[in-house]
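Enquirer: need a 3D model of the sequence below.
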Amino acid sequence: MAVICWFRRVLRLDDHPALVAASGAGPVIPLVILDPAEARAHPASAQRQAMSLPRLEARLRQRHSRLIVRRGDPAEMLEAIARETGATEIHTTEGFPFASDHGLKAACERGGARLQLHPAADLVPRGSVRTQQDGIYKVFTPFWRALRGVDILRPVDPPGLSLPDAWPDSDGTDWPEARSAMNRGWDVVADHVQAGEDEARDRLDAFLAGPIADYADHRDQPWREAGTSGLSDALAVGEISARRIWHVGLAAREDGRQGVEDFLREVAWREFARELLHDSPDMAERCWRKEWNDFPWRRDNSDAEAWRRARTGVPMVDAGLRELLVTGRMHNRVRMVVGSYLTKHLLTDWRVGLDWFARTLTDWDAASNAMNWQWVAGCGPDASPYFRVFNPDTQAGKFDAKSRYRDHWLKPDAPGAQAFANAAPRSWGIDLNRAPAPGLSLSQGRSRALTAYEDFKEQA
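Expert: Sure, this is the predicted structure:
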């Protein structure tokens, strides 16, 4: 009897616990479900997944297997394919947040199959790294120290796959709802995607072979092409596992490579975010520091719309938002600047920024996105102090001193600016030669934010 392995944002064969379990239970039918609702909510992430599917399909065909793709509501698709194939087991990775799995179990049972959930190949199982008081870590540094004392499980190699007697029909790897949601942006973003499991491993190896040595100095300079590993999107769609990165990194350190510890520390931030979301599943909707739920942030507004359209008139902010729309990513240092400007200079609710990033990031991760926005707004765990307001011009002078990053995205005849004009919705009426109208000065924005914070603290 065949079993189904649902590749649920784990688009690889390597270090895939659900696939290993399925291969031990019988002939495997690999399945991907393309949910139209996900494409509408996270179109850039959906495009990134869609671009990985032909690579996954090719990997499976090398093993004489196939990839079955269905488009529709996951619960309905699981029930239907279980009935079609007579599969008695469906193996997949735990959902995120985990409560989303309940309805899927019932759907599988209606189709005659049992849903078998397996942990993601993260560094540690959720909730397993605890304080001496048996609580979660609320600050990253002690979490990092504790994590360094944990024996991280080694990744598992791809299993052998036996084949079913018959294959169900497949809808193909295209995701039309994602194409529609991305609109003009699809072709532009596609030029900046390196999809596939093999490509992710190659990127990791190339990074550890050279650029890692200068990682601590170069990772904050957004103009550098090789300052970081560039693996965030591959991690987000599951083309490579955190465990694989960790152990390949440790091997490189044993070989004498410098900079590995700083790199692994950044991988651990992703783990920290997942711990926090596991403990506080509403972290994308509610302030982690409960007292901040009453802060009078501005809801969506015209300033926020200018921010989304990269028309704030602040060069570092506008450059970052153009990079986001063109590439589906934004340099981490710039993310902090862009987020601080929205939540502090513009006093706009952090959830406005969170929602925009959820739509436009190819490396969107629910936990990291929520933690990072709450961090920069000052209302989250291990947060930037509420009174710390990043000055975009100061940050630009420090990390983009020769304006290479800003010029690439902002000069009208530069490649980045031209790509932005091609990616932006036509309704925005982009005119690269029309500079944004001057807005609130940085000093005025900072003063306004600090006054609002002090007033809030006094009232509280």
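
Enquirer: now do the domain split for the protein, please.
Expert: For the chain, the structural domains run 1-120, 122-154+195-279, 290-459, going by automatic domain parsing.

Enquirer: which among those domains is found nearest to Trp167?
Expert: Each of the domains of the chain was checked against Trp167 via C-beta to C-beta, and the shortest separation belongs to domain 1-120, namely 5.7 Å. Where C-beta positions appear, they are placed from N, C-alpha and C, glycine not excepted.

Enquirer: quick one on the thing from earlier: output the domains of the chain as CSV; include the columns mean pLDDT, mean neighbour count and distance to Asp165.
Expert: What follows is the domains of the chain, written out as CSV (pLDDT from 0 to 100; neighbours: other C-beta atoms under 10 Å; distance: least, C-beta to C-beta, whole Å):
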stretch, mean pLDDT, mean neighbour count, distance to Asp165
domain 1-120, 95, 20, 7
domain 122-154+195-279, 95, 18, 28
domain 290-459, 95, 19, 38
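
Enquirer: could you dump the ones you listed into CSV and include distance to Ala178?
Expert: CSV is the format used below for these (distance: least, C-beta to C-beta, whole Å):
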stretch, distance to Ala178
domain 1-120, 4
domain 122-154+195-279, 12
domain 290-459, 11
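
Enquirer: Ser180 is nearest to which of these?
Expert: When those are ranked by proximity to Ser180, the top entry is domain 1-120, at 7.8 Å, counting by C-beta to C-beta.

Enquirer: first-to-last residue distance for the closest one?
Expert: Distance between the boundary residues of domain 1-120 (C-alpha to C-alpha, to the nearest Å) amounts to 26 Å.

Enquirer: of all the domains of the chain, which lies closest to Asp187?
Expert: domain 290-459 (8.0 Å).

Enquirer: how long is that closest one from one end to the other?
Expert: Separation of the first and last residues of domain 290-459 by C-alpha to C-alpha is 15 Å.

Enquirer: one more: stretch 102-117?
Expert: With C-alpha to C-alpha as the measure, the first residue of stretch 102-117 is 11 Å from its last.

Enquirer: can you check stretch 222-229 too?
Expert: With C-alpha to C-alpha as the measure, what separates the two termini of stretch 222-229 is 13 Å.

Enquirer: could you check how far it is from the centre of its chain?
Expert: Between the mean C-alpha point of stretch 222-229 and the mean C-alpha point of its chain there is a distance of 18 Å (C-alpha atoms, centre = their mean, to the nearest Å).

Enquirer: can you tell me which residue is spatially central in the protein?
Expert: For the chain, the residue lying nearest the average C-alpha position, counting by C-alpha atoms, centre = their mean, turns out to be Trp364 (2.6 Å).

Enquirer: need the contact list for that residue.
Expert: Under the criterion of C-beta atoms under 8 Å, 6 or more residues apart in numbering, the neighbours of Trp364 are His42, Ala44, Ser45, Ala236, Phe357, Ala358.

Enquirer: next SSE after the longest strand along the chain?
Expert: Scanning the chain for the strand with the most residues, using DSSP state E, yields strand 28-34. Elements were assigned by DSSP states H and E; along the chain past strand 28-34, the next helix or strand is helix 36-41.

Enquirer: what's that following helix in contact with?
Expert: Contacts of helix 36-41 from elsewhere in the structure, counted by C-beta under 8 Å, 6+ apart, are Ser45, Ala46, Arg71, Gly72, Asp73, Trp175, Glu177, Ala178, Ser180, Ala181, Ala358, Arg359.

Enquirer: rerun that using 6 Å as the cut-off
Expert: Here helix 36-41 makes contact (C-beta atoms under 6 Å, 6 or more residues apart in numbering) with Ala46, Glu177, Ala178, Ala181.

Enquirer: part of a strand, is the second one?
Expert: No. Residue state for Glu177 (DSSP: H, G, I helix; E, B strand; the rest coil) corresponds to helix; a strand is not indicated.

Enquirer: how about the nearest residue to it, chain neighbours excluded?
Expert: Closest residue to Glu177 apart from its sequence neighbours, by C-beta to C-beta, 6 or more residues apart in numbering: Ala39 at 3.8 Å.

Enquirer: follow-up on the earlier one: so which of the domains of the chain gets nearest Pro168?
Expert: Of all these, domain 1-120 sits nearest to Pro168, with 5.1 Å by C-beta to C-beta.

Enquirer: next one: that closest one to chain centre, how far?
Expert: Computed by C-alpha atoms, centre = their mean, the chain-centroid distance of domain 1-120 equals 20 Å.

Enquirer: stretch 393-404 now?
Expert: Using C-alpha atoms, centre = their mean, the distance from the centre of stretch 393-404 to the centre of the chain it belongs to is 26 Å.

Enquirer: how far does that stretch stretch from start to finish?
Expert: Across stretch 393-404, the terminal residues are separated by 14 Å (C-alpha to C-alpha).

Enquirer: which other residues reach that stretch?
Expert: Here stretch 393-404 has contacts from Asp220, Gln221, Trp223, Met316, Arg333, Val337, Arg406, using C-beta under 6 Å, 6+ apart.

Enquirer: and Leu410, how far from Val314?
Expert: Distance, Leu410 to Val314, by C-beta to C-beta, to the nearest Å: 11 Å.

Enquirer: okay, strands next: where are they in the stretch 101-250 of the chain?
Expert: Counting by DSSP state E, counting those that start in this stretch, the stretch 101-250 of the chain has these strands, from start to end: 114-118.

Enquirer: related to what we said a few turns ago, farthest-apart pair in the contacts of stretch 393-404, please.
Expert: The span of the contacts of stretch 393-404, defined through C-beta to C-beta, is set by Asp220 and Arg406 at 15.0 Å.

Enquirer: before we move on, back to that, from Val193, how far out is the residue nearest to the residue nearest to the centre of the chain when sequence neighbours are not counted?
Expert: Beyond its immediate neighbours in the sequence, the residue positioned closest to Trp364 (C-beta to C-beta, 6+ apart) is Ser45, lying 4.2 Å away. Shown here: Ser45 relative to Val193, a distance of 12 Å by C-beta to C-beta.

Enquirer: now do Leu354
Expert: Relative to Val193, Leu354 is positioned 23 Å away (criterion: C-beta to C-beta).

Enquirer: Pro27 contacts Met1, correct?
Expert: No. Applying C-beta atoms under 6 Å, one finds Pro27 not in contact with Met1, separated by 7.9 Å.

Enquirer: next, find the distance separating Asn301 from Thr348.
Expert: Between Asn301 and Thr348 the distance, using C-beta to C-beta, works out to 6 Å.

Enquirer: for Cys108, that is, sorry about that
Expert: Counting by C-beta to C-beta, the gap from Cys108 to Thr348 is 42 Å.

Enquirer: and Arg274, how close does it get to Arg404?
Expert: If you measure Arg274 against Arg404 using C-beta to C-beta, the figure is 34 Å.

Enquirer: ok, back up a step: of the contacts of helix 36-41, just say which sits nearest to Trp288.
Expert: Ala46 (27.4 Å).

Enquirer: quick check: which element contains the closest one?
Expert: Ala46 belongs to helix 43-62 when assigned by DSSP H and E.
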